[in-house]
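> Show me how the following folds:
(chains A and B)
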Amino acid sequence: MANSYALLTSLNGLAAGLFLMSSFGLAATRQMQGCQRFYIAQSICLVVSALLLGLGLHAPDLLAVAALDSVMKPIVIPYLLKRTVPEEIFRRREIDQVLNIPSSLLIALGLTLLAFFLSEYLPPAAGNIGAINLPIGLAGLLIGVYTLTVRREAVPQLIGIFGIENGALLCGFAIAPTLPLVIEMAFPFDMLIIALVIGILTRITQERVGTTEVGAFTTLKEGGNK
Amino acid sequence: MILIVILAVPLLAALISCLPLGRRLAPAVTLTSCALELAMVIAAAMRVAAGGSVVAIANWVDIDGLSALILLLVATVGSTAALFSWGYMAREPSARRLRRYYSNYNLFVFAMLSVPMLAEPNLVWTGVELTTILSLYLVAFENTHEALEAAWKYSVLTIMGGAVALLGSNWRREFRQPYLRPGSCQSS
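Sure, this is the predicted structure:
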């Protein structure tokens, strides 16, 4: 029994490590398609971690959440994005990020260290098995915020938001493994609606304004381009 | 019971606003429903102020003093904005878009009213996200460059804030007491 718990803990550590790697990928990829693939990889790691925590902590709620998320995050949300966002946007590469890729990676590294430092001061996870989820979920959240800040195109910004949400969920599973199922179910559906709404917003912006480079939108800024 | 009625009125108004029965119907229904909500919210707040508690579904839908205050603010702003919309939206040439605007406005008011009434922190989070999504259509309504820019910035900022708050609501749920690290000094 103790052996299987140790095995689950190590496997969860592996899933969390891969989750962190895909967060780095999210911050460093220029291609929209690549960005989406890293998001899918990150979501799969999230689902695996939920599954392992569910087994380790004997929380059937988490198993149900893992089953739901395994359909929603890596399959339904990318499909919805493909349907709502015009195909040509996905084929683009983002040439001008606010900061270049090596600096982005260094900043992401700094954010990860910050997350490990911060998690020392935060309330602990339920059980030993989820302890690694706290710093890594927090790092995923911070890297998502960073991605959102430096990206100028609509789709990578949107995927940055999903990255933040994935980070928050990775932490959340470890902190509160026994949330009522109704509430856990609300999250994936909420993200689904957000993906749909923002996807449609991106499409309308492309049609009306002719570009989805939202970083260049400065009409509303004081002293911006009129 | 009054809380359930407060939530049901804007939903009903949203449904009626969709009906294609002349340009005046949707604004009139919206204004009436907002005035009705304000009156009911004042009644509920008076009951809370008198020391009673207003509970619709125990542990899920109820209000305390702070919720009553927020509800009052939301209902007041909701009804004044409905009054302002009547004149402001009269210049919209398409009757179909007008109906959509008012229908969405009522749904937005529903979401705003539901937030202070919900008792479970994670459901409050869902309610807040709902207000973001429903108001996004109102922000982008004019479909101009400026409106779309505003909608994009608004949605990205609020959804990002929402994702961070999701983590906070989980912590809030598990640790009702302020958390102190083991070994840290406990202030008296």
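
> Now for A:Q42: which residues touch it?
A:19, A:22-23, A:26, A:140, A:163, A:166 (Cβ atoms under 8 Å, 6 or more residues apart in numbering or on different chains). The C-beta positions use only the backbone N, C-alpha and C, and glycine is treated the same way.

> can you redo the residues you listed as a markdown table with neighbour count, pLDDT and distance to A:L114?
Shown next, in a markdown table, are these (neighbours: other Cβ atoms under 10 Å in any protein chain shown; pLDDT from 0 to 100; distance: Cβ to Cβ, whole Å):
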| residue | neighbour count | pLDDT | distance to A:L114 |
| --- | --- | --- | --- |
| A:F19 | 26 | 95 | 17 |
| A:S22 | 22 | 94 | 19 |
| A:S23 | 32 | 94 | 14 |
| A:L26 | 29 | 89 | 17 |
| A:G140 | 33 | 94 | 13 |
| A:G163 | 30 | 92 | 16 |
| A:N166 | 27 | 91 | 18 |
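
> Nearest to B:N59 among those residues?
Taking Cβ to Cβ as the measure, B:N59 lies nearest A:N166 of those, at 29.6 Å.

> what pLDDT, on average, does the strand or helix carrying B:A68 get?
For B:A68, the element it lies in under DSSP states H and E is helix B:65-88. The predicted model assigns helix B:65-88 a mean pLDDT of 93.

> ok and whichever helix or strand comes after that helix relative to helix B:65-88, angle-wise?
Scanning forward in sequence from helix B:65-88 by DSSP H and E, the next helix or strand is helix B:95-117. Helix B:95-117 runs at 170 degrees relative to helix B:65-88, counting by axes from the mean of the first three to the mean of the last three Cα atoms, to 10 degrees.

> hang on, the earlier thing: so which of the contacts of A:Q42 are in strands?
Nothing among the contacts of A:Q42 maps onto strands, per DSSP state E.

> thinking again about what came up before, would you mind listing the buried residues in the helix holding B:A68?
Going by neighbour count (16 or more other Cβ atoms under 10 Å in any protein chain shown), the buried part of helix B:65-88 is B:67-68, B:70-72, B:74-75, B:78-79, B:81-82, B:85.

> in the longest helix along chain A, what's buried?
Longest helix of chain A, by residue count under DSSP state H: helix A:181-209. By neighbour count with 16+ other Cβ under 10 Å, helix A:181-209 contains the buried residues A:183-184, A:186-188, A:190-191, A:194-206, A:209.

> Run through chain B and note the low-pLDDT ranges.
B:176-188 (pLDDT under 70).

> Please tell me how far the most centrally placed residue in chain B sits from chain A.
Central residue of chain B (Cα atoms, centre = their mean): B:M112, 0.5 Å from the mean position. Separation of B:M112 from chain A (Cβ to the nearest Cβ, to the nearest Å): 17 Å.

> just how off-centre is the biggest helix by length in chain B within its chain?
Ranked by residue count under DSSP H, the longest helix found in chain B is helix B:145-174. Centroid separation for helix B:145-174 versus its chain: 15 Å, with Cα atoms, centre = their mean, to the nearest Å.

> Chain B against chain A: which residues are in contact?
Within chain B, the positions lying close to chain A (Cβ under 8 Å from any Cβ of the partner chain) are B:120, B:122-123, B:126, B:129, B:133, B:136, B:140, B:143-146, B:148-153, B:155-156, B:159-160, B:163-164, B:166-167, B:170-171, B:173-175, B:179, B:181.

> that older thread, which of the buried residues of helix A:181-209 are close to chain B?
Subset of the buried residues of helix A:181-209 in contact with chain B: A:183, A:186-187, A:190, A:194, A:197-198, A:201, A:204-205, A:209, counting by Cβ under 8 Å from any Cβ.

> As TSV, these with distance to B:V55 would be great.
TSV is the format used below for those (distance: Cβ to Cβ, whole Å):
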residue	distance to B:V55
A:I183	20
A:A186	22
A:F187	26
A:D190	26
A:I194	32
A:V197	33
A:I198	37
A:L201	39
A:I204	43
A:T205	45
A:V209	49
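
> hmm, which two among the residues you listed are most spread apart?
Between all members of those, the farthest pair (by Cβ to Cβ) comes out as A:I183 and A:V209, at 37.8 Å.

> Can you list the low-confidence ranges for chain A?
Looking at chain A by pLDDT under 70, you get A:1, A:94-96, A:180, A:223-226.

> count of neighbours near residue 13?
Defaulting to chain A. Neighbour count for A:G13, taken as other Cβ atoms under 10 Å in any protein chain shown: 17.

> Sorry, I should have been clearer: chain B.
26.

> Look up how far chain A lies from it.
22 Å.

> I'd like to know how many residues surround the residue lying closest to that residue once chain neighbours are set aside.
Nearest residue to B:A13 in three dimensions, chain neighbours excluded: B:S33, at 3.6 Å (Cβ to Cβ, 6 or more residues apart in numbering or on different chains). B:S33 is flanked by 24 other residues according to other Cβ under 10 Å.

> now the one 3 residues further on
A count of neighbours around B:L36, defined by other Cβ under 10 Å, yields 17.

> What strand or helix carries it?
B:L36 belongs to helix B:25-49 when assigned by DSSP H and E.

> quick one: that helix to chain centroid distance?
Per Cα atoms, centre = their mean, the centroid offset for helix B:25-49 relative to its chain is 13 Å.
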